[in-house]
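Colleague: Okay, sequence plus prediction incoming.
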Amino acid sequence: MVSRKSSNYFPGMHHNNRTTGSQIIENYFRQLDEKLIGSLKKKSKLKSPPCICLSRKIAIGAREVADILAERLNYMVIDRQIIEHMASNAELSQKTVEKFDERYPGKMNELMNFLFGENSFIPSDYSRQLTQSVLALSGLHPSIFVGRGTHLILPRDRTFSVRLTGSIETRVKRLGKIINKDEEACRIELARQDSEQASFFKKVYGKKDARSTEFDMVINRDYLEKPEIVADIIEFAFYKKFGKEIPGGK
């Protein structure tokens, strides 16, 4: 009989990354503090560094691909755990926004007015805090964002957006290897995660699903199982789009 108990799975978990959500958040902000030491004293740049956004179906392996890219590019990974922590922590979000304003004076208000003036999102305290947090983090260090619709927030001309998708069979197979559960249990878990994801997008962005026209690239993981190959493709296209604008770019 299949157990209906929680699998303890969270989006972003993979074989090489089984840290808890709280550990992910703690590690990220420790690394960010280290990288920011002295950097805010430098002259403000006109543009924030180019970033990568990975939109995904749950359990399609986006975080694993992001970790490979981050290692190669010397970027930091900002995933759902970090984004949600920022969006629900007003004090932390405000401090991050202040750091962004120090580096890019007036830019936050400009971007916020554009996003909400265009009625892209359903206005709410949460969506505003989410938007401010993502914009601020993108300007503090070169980053790879995973999930939570960040490709809809960040400036299109500074972002390489990729949609990672695949069949339910591929997702079930991958999830089963991670949480060591049978097919039925994995399908139940994916149904729960997909429902939560759909509710989030409807509530925050007023969208039912992700359209292919929102992305620079859509990759089907059914036929590209190795994360290194997916990372190769994204890295090549990212350099083609931004070239020397990428910190340490070729």
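Modeller: Yep, it's here.

Colleague: what bits of the protein have low per-residue confidence?
Modeller: Residue ranges of the chain with pLDDT under 70: 1-22, 24-25, 29, 31-46, 104, 114-123, 249-250.

Colleague: Show me which helix runs longest in it.
Modeller: Determined from DSSP state H, the single longest helix within the chain is helix 183-205.

Colleague: mind listing what's buried in that one?
Modeller: Under the neighbour-count criterion of 16 or more other Cβ atoms under 10 Å, helix 183-205 has 185-187, 189-190, 193, 197, 200-201, 204-205 buried. (Glycine included, C-beta is placed from N, CA and C.)

Colleague: Could you report the separation of the spatially closest residue to residue 75 that is not a sequence neighbour from residue 73?
Modeller: Ranked by Cβ to Cβ, 6 or more residues apart in numbering and with sequence neighbours excluded, the top spatial neighbour of residue 75 is residue 142, at 4.7 Å. Residue 142 is 7 Å from residue 73, where distance means Cβ to Cβ, to the nearest Å.

Colleague: Mutual contacts of the two, please.
Modeller: Any residue near both residue 142 and residue 73 by Cβ atoms under 8 Å, 6 or more residues apart in numbering counts here, and that gives residue 246.

Colleague: can you give me phi and psi for the residue nearest the centre of the chain?
Modeller: Nearest residue to the geometric centre of the chain (Cα atoms, centre = their mean): residue 146, 2.0 Å. As for residue 146, its main-chain torsions (degrees, to the nearest 10) stand at phi -120, psi 110.

Colleague: what's across from it in the sheet?
Modeller: Note on residue 146: beta-bridge partners by DSSP bridges are residue 54.

Colleague: For it, which residues are in contact?
Modeller: Counting by Cβ under 8 Å, 6+ apart, residue 146 has contacts 12, 54, 56, 62-63, 66, 77-80.
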